[in-house]
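Undergrad: Sequence plus predicted model, see below.
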Amino acid sequence: MEGIGFLGIGIMGKAMAVNLLRHGFKVTVWNRTLSRCDELVQHGASVGETPAAVIKKCKYTIAMLSDPAAALSVVFDKHGTLEQICGGKGYIDMSTVDADTSSQISQAITSKGGSFLEAPVSGSKKPAEDGQLVILAAGDKDLYDQVVPAFDVLGKKSFFLGQIGNGAKMKLVVNMIMGSMMNAFSEGIVLADKSGLDPHTLLDVLDLGAIANPMFKMKGPAMIKNSYPPAFPLKHQQKDMRLALALGDENAVPMPVAAAANEAFKKARSLGLGDHDFSAVFETLSK
Ligand SMILES: NC(=O)C1=CN([C@@H]2O[C@H](COP(=O)(O)OP(=O)(O)OC[C@H]3O[C@@H](n4cnc5c(N)ncnc54)[C@H](OP(=O)(O)O)[C@@H]3O)[C@@H](O)[C@H]2O)C=CC1
Ligand SMILES: O=CC(=O)O
């Protein structure tokens with residue numbers, strides 16, 4: 001593969017771009033807050049001044065941005081992706097967005113002759129650092145085949161899910177489940193504590209049973225200490241619940257559990273916890 005562009009050096013983008021550099025890819029990065037690119041330069045990256053400058057330079061460009069508004073802005077705004085995308089270039093959006101946002105981006109890119117893949121990921125900061133993401137791609141199969149060498153560095157498994165929208169929907173379903181689980185887990189820890197049990201013993205019991213999972217194991221001990229260093233920011237989890245509920249609305253799927261979880265994440269945001277890890281939803285119960 002030739003050089004890769006990377007737009008969005010947040011928690012995930014930084015880990016992913018560093019991983020590509022470590023595996024010998026030539027990477028050109030851009031971030032809205034440009035100073036955040038400095039650390040990447042120390043790892044060997046070049047910097048583009050705008051998304052358009054990155055697209056102009058690179059055959060393939062990956063975007064990893066916070067939400068639909070950010071993903072759209074980077075493509076459509078002045079000095080954005082659309083100004084330089086053309087035949088022979090590929091754009092891969094790995095942000096978590098809804099299917100409609102992804103379709104808008106796909107149509108704009110392909111109308112300029114470029115090719116487009118949506119490829120949201122499951123897995124958080126640590127899996128991104130370790131190249132252990134699960135990649136949920138959909139869209140242009142030729143582009144998918146061309147970027148598999150990069151996906152092999154970023155992830156432990158890539159799925160090609162067919163038409164645009166399927167990757168976005170799969171990601172939202174997964175995160176809807178995750179957000180609901182986090183709320184049930186939080187309630188369980190508080191219930192154990194308030195009813196006189198040791199929450200650490202609860203973690204041990206959970207870890208040995210049928211509902212053991214890496215999320216409980218990784219986040220539980222920190223939650224008991226009311227510590228929420230951001231791996232997956234709560235504001236993004238709430239965005240995912242909101243988008244998943246809209247998907248449920250479109251498909252007439254009742255989701256009372258997810259709706260309640262969304263309210264808890266909204267409450268946490270109202271308490272100023274949006275930039276903490278999503279496990280900080282625990283604070284809505286323990287306060
Ligand atoms: N963290 C995680 O565990 C996971 C996150 N995701 C998804 O990946 C995406 C990125 O997440 P994460 O890295 O955690 O998020 P961060 O909040 O750490 O980073 C967000 C990035 O988006 C940029 N951005 C925000 N708004 C705009 C805008 N209007 N125009 C241009 N750039 C903008 C930020 O730039 P700036 O630095 O200037 O603010 C930053 O580069 C999200 O969609 C998230 O849901 C998916 C799997 C796991
Ligand atoms: O989107 C978050 C994740 O952990 O996956």
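TA: On my side now, so go ahead. Ligands and ions are numbered 1, 2, ... in the order given.
Undergrad: Show me the shaky parts of the chain.
TA: Residues of the chain that meet the criterion pLDDT under 70 lie in 1-2, 286-287.
Undergrad: Wondering if the helix ranked longest in it reaches ligand 2 at all.
TA: The single longest helix within the chain, with elements called by DSSP state H, is helix 166-194. Yes. Helix 166-194 is in contact with ligand 2 by Cβ under 6 Å from any ligand atom, via residue 175. C-beta here means a position set from N, CA and C on the backbone, and glycine is covered the same way.
Undergrad: Surely residue 110 is in contact with residue 116?
TA: Yes. Judged on Cβ atoms under 8 Å, residue 110 makes contact with residue 116 at a distance of 6.0 Å.
Undergrad: Who has more neighbours out of those two?
TA: residue 116 (24 against 16; other Cβ atoms under 10 Å).
Undergrad: how near is residue 29 to ligand 1?
TA: Going from residue 29 to ligand 1 by Cβ to the nearest ligand atom, to the nearest Å gives 10 Å.
Undergrad: in a strand, that's where that residue is, yeah?
TA: Yes. Using DSSP: H, G, I helix; E, B strand; the rest coil, the assignment for residue 29 is a strand.
Undergrad: Could you report the distance from it to ligand 2?
TA: Relative to ligand 2, residue 29 is positioned 21 Å away (Cβ to the nearest ligand atom).
Undergrad: Quick check: the gap between that residue and residue 230.
TA: Distance of residue 29 to residue 230, given as Cβ to Cβ, to the nearest Å: 21 Å.
Undergrad: who has more neighbours, the two?
TA: Neighbour count, other Cβ under 10 Å: between residue 29 and residue 230, residue 29 has more, with 29 against 18.
Undergrad: how about residue 79, what does it touch?
TA: 50, 51, 52, 53 (Cβ atoms under 8 Å, 6 or more residues apart in numbering).
Undergrad: For the residue lying closest to the third one once chain neighbours are set aside, grab the count of nearby residues.
TA: Closest residue to residue 52 apart from its sequence neighbours, by Cβ to Cβ, 6 or more residues apart in numbering: residue 83 at 4.1 Å. Residue crowding around residue 83 was assessed by other Cβ under 10 Å; the count is 18.
Undergrad: Count the neighbours of the one residue in the stretch 51-200 of the chain that gets nearest to ligand 2 for me.
TA: For the stretch 51-200 of the chain and ligand 2, the shortest gap (Cβ to the nearest ligand atom) falls at residue 124, measuring 3.8 Å. Counted with other Cβ under 10 Å, the neighbours of residue 124 add up to 23.
Undergrad: Kindly export stretch 119-126 (C-alpha atoms) in PDB.
TA: C-alpha atoms of stretch 119-126 as PDB (Å, rounded to 0.1, in the frame of the first residue of the first chain):
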ATOM      1  CA  ALA A 119     -15.400   0.900   8.600                       C
ATOM      2  CA  PRO A 120     -16.400   1.600  12.200                       C
ATOM      3  CA  VAL A 121     -14.600  -0.400  14.800                       C
ATOM      4  CA  SER A 122     -15.400  -2.300  17.900                       C
ATOM      5  CA  GLY A 123     -12.800  -2.200  20.600                       C
ATOM      6  CA  SER A 124     -11.500   0.700  22.700                       C
ATOM      7  CA  LYS A 125      -8.300   2.600  23.400                       C
ATOM      8  CA  LYS A 126      -6.300  -0.500  24.400                       C
END
